[in-house]
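# Fold the following.
(one chain, ligands or ions: 1)
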Amino acid sequence: MNKNYALKRFGQNFLQDETVLKKIASTLDLKGKNIIEIGPGKGALSKLILQEAKQLVAFEIDYNLCDFLKLEIKNNNFILINEDFLKADLSKYKGYSIMANIPYNITTSILFKIFENNQNFDEIILMVQKEVAERISAIPGSTNYGKLTVSSSHFAEVKKLFDISPKAFFPSPKVTSSIIHIKIKKVKPIIDDTEFLSFVKFCFAMRRKTLINNLKVQKNFDEQKITHFYLENNLNKDVRPQILTLNQYYELFKCFS
Ligand code: SAM
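Alright, predicted model coming up:
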């Protein structure tokens, strides 16, 4: 394979900085663990994971990279799957953790694929665009707080760990990256995840409008229940959707069930 091989359509920016690679690998205690990697690329991170983990299952969409990896990594604990991660059946991977430097253009789809299968996973380390890391780990009331924050915090506790300069990659991306740590919640309210996520999406449909304006277009809007919710939570009628905490969103969701 050509040294400069990289396909834009698969978001291929390969990590080359050994110090950064080691720093990422050390964010999880990999010893004896079963790990999933999404997009192993040329295997730089995979090799470090394999030094500690019990097994590494890697999903790589690009068959040219799979051919390369088969020659590059000869290890019985390395299970390489030439498949689009977004189409993969994850039900058989119970008790796995995930570590991956993923393509930016499918970050949200990957996150929600993981959340759909949340009970299978424990800890997840992902490299994402810095802006996404800031949105996902934002606090209520801040400008970055939005539907991605609320939806993610329904499933997990998310922390931004550190940033990575574009210089650590070849080819260099145009943006700064960040590593985030996602710890799946073992206990969460018993509600329909899909319905809650689409409710949250609705609440943030028009960020610049008041929350109540977004709510009014929902079916099952009950003025009395909503007024009661606002009073109970000491909320002014003019609040924007980015003010409410996750627990308040749970309470509000109940007003529509
Ligand atoms: N992990 C490698 C590294 O750090 O150098 C490569 C990272 S590169 C940003 C993203 C990788 O994901 C590429 O190898 C790309 O081919 C692969 N990829 C892109 N879309 C994918 C998908 N839907 N499923 C699995 N792998 C994918």
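# quick one: the helices in this structure?
Assigned by DSSP state H, the helices in the chain fall at 18-25, 44-52, 63-72, 107-116, 130-136, 147-155, 193-203, 211-216, 223-232, 246-254.
# Using JSON lines, please lay out those together with distance to the ligand and mean neighbour count.
From N, CA and C alone the C-beta is placed, and that goes for glycine too. Listed next are these as JSON lines, based on distance: least, CB to the nearest ligand atom, whole Å; neighbours: other CB atoms under 10 Å:
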{"stretch": "helix 18-25", "distance to the ligand": "8", "mean neighbour count": "16"}
{"stretch": "helix 44-52", "distance to the ligand": "5", "mean neighbour count": "20"}
{"stretch": "helix 63-72", "distance to the ligand": "5", "mean neighbour count": "15"}
{"stretch": "helix 107-116", "distance to the ligand": "8", "mean neighbour count": "18"}
{"stretch": "helix 130-136", "distance to the ligand": "14", "mean neighbour count": "20"}
{"stretch": "helix 147-155", "distance to the ligand": "19", "mean neighbour count": "22"}
{"stretch": "helix 193-203", "distance to the ligand": "21", "mean neighbour count": "16"}
{"stretch": "helix 211-216", "distance to the ligand": "32", "mean neighbour count": "18"}
{"stretch": "helix 223-232", "distance to the ligand": "40", "mean neighbour count": "13"}
{"stretch": "helix 246-254", "distance to the ligand": "29", "mean neighbour count": "16"}
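# Is it correct that residue 118 is in contact with residue 151?
No - applying CB atoms under 8 Å as the test, residue 118 and residue 151 come out as separate, 11.6 Å apart.
# OK, contacts around the nearest residue to residue 84 once chain neighbours are set aside?
Using CB to CB, 6 or more residues apart in numbering and skipping residues adjacent in sequence, the residue nearest residue 84 is residue 61, 5.0 Å away. Listed by CB atoms under 8 Å, 6 or more residues apart in numbering, the contact partners of residue 61 are 10, 39, 82, 83, 84, 85.
# before we move on, what about residue 30?
Residue 30 neighbours (CB under 8 Å, 6+ apart): 49, 51, 52, 53, 99.
# With adjacent residues omitted, what lies nearest to the last one?
Spelled out, it's residue 99. In this structure, residue 99 finds its nearest non-sequential neighbour in residue 125, 4.5 Å apart by CB to CB, 6+ apart.
# how many other residues sit next to the one you found?
21 (other CB atoms under 10 Å).
# got any ranges where the stretch 1-150 of the chain has weak pLDDT?
The model of the stretch 1-150 of the chain has no residue with pLDDT under 70.
# Check the gap between the residue in the stretch 151-257 of the chain that the ligand sits nearest to and residue 192 for me.
Proximity of the stretch 151-257 of the chain to the ligand (CB to the nearest ligand atom) peaks at residue 169, 7.3 Å away. As judged by CB to CB, to the nearest Å, residue 169 and residue 192 stand 40 Å apart.
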